[in-house]
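Q: Have a look at this fold, sequence not included:
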């Protein structure tokens, strides 16, 4: 366990040193291939190289690995075909190099296949994420459109309520003026009734006084008749006629005053009844106004909630657009890397 950790630390340190020495990515990858193969006895793979170097695209370590094996094969052939070597050693060395080359190619092919599978899985996942984001975007757009329609309907309803409220206010003002006018007319009728009653009382007192005077005169005439029957009989008849005429006039005046009094009382009752109806209409209008105010407040709350939901949907849509763009870029990069990844040469 400690030895493996020490080797890994040493390997990372040597790779960092190679990074400082080689600025070219391909040269750096080839040097790391040689380090793994010759010093640490590890067959280099594309994934292992990329984990150590972390430079360039995913196709860079694969290309460097192919170049490394080609150079190793060429160098091995040069040493095997050296004229100083015996034929048996040359044959054995050739078989050893061929075996190493076959194992290296198999390892490289397995690494390449693994990389392709991982890249394809990443591409598939990215495509699924993009489809999910597009579906969520469409749903968000539909929700936003629905919210916009609801908001437009609410605004139209608010305009209608405002118009109704303005009409109701005008009607209330008109009813208030009508009630004030009715109250003024009622007061005028009450004052007129009071004046008529006062005048009727005065006229009635006058008629009673006249009747009393007529009776007094009649009694005086009867006394005088005792002294002069014939002369006073005519005077008595005249006085009686005058009394009857005065009483008839008083009766007519009294009937006229009573009729006028009844008419004024009927007008007063009609005015009071009309005033009651107007007050009832005013109370109903005030209730409607209070209900309209409550509905208007509720609509304002719905508009505030709809605006908050629109802002949230827009923020979610903007966030999903950024994530979708990042996913698309990542998918394109992975597809490009998969297309650029060369197959191992036999």
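A: Thanks, I have it. Only a predicted model underlies this, so the values are computations on that prediction, with no experimental measurement involved. Residues are numbered from 1 along each chain as shown.
Q: other SSEs contacting the helix or strand hosting residue 17?
A: Secondary-structure element containing residue 17, defined by DSSP states H and E: helix 2-21. The elements that helix 2-21 packs onto, with contact taken as 3 or more C-beta pairs under 8 Å, 6 or more residues apart in numbering; DSSP states H and E, are helix 25-34, helix 46-53. The way it works is simple: take the backbone N, C-alpha and C, and place the C-beta from them, glycine included.
Q: With distance to residue 305 added, can I get those helices in JSON lines?
A: Below are those laid out as JSON lines (distance: least, C-beta to C-beta, whole Å):
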{"stretch": "helix 25-34", "distance to residue 305": "56"}
{"stretch": "helix 46-53", "distance to residue 305": "51"}
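Q: In the stretch 151-300 of the chain, mark out all the strands, start to finish.
A: Under the criterion DSSP state E, counting those that start in this stretch, strands are not mapped anywhere in the stretch 151-300 of the chain.
Q: Which pLDDT does the model give residue 1?
A: The model reports residue 1 with a pLDDT of 49.
Q: Ok, residue 211 next?
A: Reported pLDDT for residue 211: 70.
Q: cool, the one 4 residues further on as well?
A: Listed pLDDT for residue 215 reads 81.
Q: I figured it was touching residue 243, is that so?
A: Yes: under the contact definition of C-beta atoms under 8 Å, residue 215 touches residue 243, with a separation of 7.2 Å.
Q: For those two, indicate the residue with more neighbours.
A: Legend: neighbour count by other C-beta atoms under 10 Å for residue 215 and residue 243, higher for residue 243 (17 against 12).
Q: gap between that one and residue 233?
A: Distance from residue 243 to residue 233, counting by C-beta to C-beta, to the nearest Å: 15 Å.
Q: Could you do residue 50 as well?
A: Residue 50 sits at a distance of 159 Å from residue 233 (criterion: C-beta to C-beta).
Q: what residue ranges in the stretch 51-200 of the chain score low on pLDDT?
A: Residues of the stretch 51-200 of the chain that meet the criterion pLDDT under 70 lie in 75-95, 97-98, 101-102, 104-109, 111-113, 115-116, 119, 123, 126.
Q: Now stretch 51-64: buried residues?
A: Counting neighbours by 16 or more other C-beta atoms under 10 Å, one finds that the buried residues in stretch 51-64 are 52-53, 58-64.
Q: Can you tell me which of these end up in helices?
A: Assigned to helices by DSSP state H, the following of these qualify: 52-53, 59-64.
Q: what's the neighbour count on residue 130?
A: By other C-beta under 10 Å, 17 other residues sit near residue 130.
Q: ok, back up a step: nearest to residue 293, out of the buried residues of stretch 51-64: which one, please.
A: residue 58 (67.6 Å; C-beta to C-beta).
Q: wait, doesn't that closest one sit right on residue 50?
A: Yes: taking contacts as C-beta under 8 Å, residue 58 lies within contact range of residue 50: 6.3 Å.
Q: now the helix or strand where residue 74 lies against helix 46-53, angle please.
A: Under the criterion DSSP H and E, the helix or strand holding residue 74 is helix 59-80. Orientation note: helix 59-80 sits at an angle of 110 degrees relative to helix 46-53 (axes from the mean of the first three to the mean of the last three C-alpha atoms, to 10 degrees).
Q: Could you figure out how far helix 59-80 is turned away from helix 25-34?
A: Note on geometry: by the same axes, to 10 degrees, helix 59-80 and helix 25-34 are set 60 degrees apart in direction.
Q: Helix 59-80: how far from the chain's middle?
A: Remark: helix 59-80 is offset 66 Å from the chain centroid, using C-alpha atoms, centre = their mean, to the nearest Å.
Q: list the buried ones in it?
A: Buried-residue list, helix 59-80, by 16+ other C-beta under 10 Å: 59-66, 68-69, 72-73, 76, 80.
Q: pLDDT weak spots in the stretch 201-346 of the chain?
A: In the prediction, the stretch 201-346 of the chain carries residues with pLDDT under 70 at positions 218, 221, 225, 229, 321-346.
Q: at 50 what do you get?
A: Across the stretch 201-346 of the chain, the stretches falling below the confidence threshold (pLDDT under 50) are 342-346.
Q: can you pull the contacts of residue 214?
A: Applying C-beta atoms under 8 Å, 6 or more residues apart in numbering to residue 214 gives the contacts 239, 242-243, 246-247.
Q: Tell me the one of the residues you listed nearest residue 133?
A: Sorting these by distance to residue 133 puts residue 247 at the head of the list, at 111.3 Å, by C-beta to C-beta.
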